[in-house]
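Undergrad: Sequence first, then the predicted structure, then my questions.
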Amino acid sequence: METQDNDQMRTRVRTAYAKVANGAGGCSVGCCGTSGAGSMAMGYSAEELAAAPEGADLGLGCGNPQAIAALRPGDTVLDLGSGGGFDCFLAAKRVGRTGQVIGVDMTAEMVTKARGNARKIEATNVDFRLGEIEHLPVADGSVDVILSNCVINLSPDKSAVFSEAFRVLKAGGRLAISDVVAVKDMPPELAESVEAMTGCVSGSANVADLEDMLRAAGFEEVRIVTKPESGAIIAQCMPGAEDYVASATIEGRKPGGASCCAPSCCS
């Protein structure tokens, strides 16, 4: 029964985001952002927006994982739920020709859109793959950094996401995630709303549960920081939801390898 319920949730999310990829979405889909000014409110700079191909920024994020990723030339980067490829293209510039960026998305329309965007700028170090983030089409121990922007809250099996993330990371590899987390129990009408689920609200887990999942998967140096100021942006999309969820940064490191070089653990 749980497997069937999870598949139904994925189907609803896939359908909603296919509409966004095809230009038929709205503010009720995604994490309350709009492209351009909305992405700047989420922490992106004008230079970053200008660097990505037109159509890559779909305004679906809830933060800027690039700000905590500490990407280096030559890194292999994986973006969970890569959408139109916005964060992938920004990461590709940071890792350079010797690096590689892999974007994974479960919506075929999004993968098609991202591949088209890559062709626009001849991005040869970016690879978009169709797949679920609970079952990543990525080899064991092959990734230096995992990014994700407002996607893991949509997964019905977050523990599986973190286990898969741990599997594909190299020793010493790290997570740099922006997502929505629950800060208070939701009323039934919000928790059971399909719109709130596809809108990155009702599927959110609380910080303590996320920390437990990350540590159970094997991660060290787990750090989750909520951003109360995100309430104003959330309220624009789904009034009332700002009382129950907030944007947050989520970090963790797989043991082994070189010591952490992310800003939050080397200052």
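TA: Ah, there it is. Residues are numbered from 1 along each chain as shown.
Undergrad: what packs against the longest helix along the chain?
TA: Ordering each helix of the chain by length in residues (DSSP state H) puts helix 2-21 first. Using 3 or more Cβ pairs under 8 Å, 6 or more residues apart in numbering; DSSP states H and E, the elements in contact with helix 2-21 are helix 108-121, helix 194-198. Where C-beta positions appear, they are placed from N, C-alpha and C, glycine not excepted.
Undergrad: Out of those, which gets the lowest mean score?
TA: Among those, helix 194-198 carries the lowest mean pLDDT, at a mean of 82.
Undergrad: Where does the prediction get shaky in the stretch 151-267 of the chain?
TA: 258-267 (pLDDT under 70).
Undergrad: related to what we said a few turns ago, and of the helices and strands packed on helix 2-21, who's closest to residue 69?
TA: helix 108-121 (18.7 Å; Cβ to Cβ).
Undergrad: Now do that closest one: which elements does it pack against?
TA: In terms of contacts (3+ Cβ pairs under 8 Å, 6+ apart), helix 108-121 is packed against helix 2-21, helix 86-95, strand 100-105, strand 126-130.
Undergrad: hmm, who's touching it?
TA: Outside of helix 108-121, the residues within contact range by Cβ atoms under 8 Å, 6 or more residues apart in numbering are 17-18, 20-22, 52-56, 82-85, 88-89, 103, 105, 126, 128-130.
Undergrad: Residue 215 sits in which helix or strand?
TA: Using DSSP states H and E, residue 215 maps to helix 207-217.
Undergrad: do residue 179 as well
TA: Taking DSSP H and E as the definition, one finds residue 179 inside strand 169-182.
Undergrad: relative orientation of that strand and helix 86-95 in degrees?
TA: 140 degrees (axes from the mean of the first three to the mean of the last three Cα atoms, to 10 degrees).
Undergrad: how about the helix or strand just after strand 169-182 as PDB, C-alpha atoms only?
TA: Tracing the chain C-terminally past strand 169-182 and defining elements by DSSP H and E, one meets helix 188-191 next. Taking Å, rounded to 0.1, in the frame of the first residue of the first chain, the C-alpha atoms of helix 188-191 are listed here in PDB:
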ATOM      1  CA  PRO A 188      -5.300  18.600   8.000                       C
ATOM      2  CA  GLU A 189      -6.600  20.900   5.200                       C
ATOM      3  CA  LEU A 190      -3.000  21.900   4.400                       C
ATOM      4  CA  ALA A 191      -1.300  18.600   5.000                       C
END
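Undergrad: now helix 188-191, how far from the centre of its chain.
TA: A distance of 24 Å separates the centroid of the chain from that of helix 188-191, by Cα atoms, centre = their mean, to the nearest Å.
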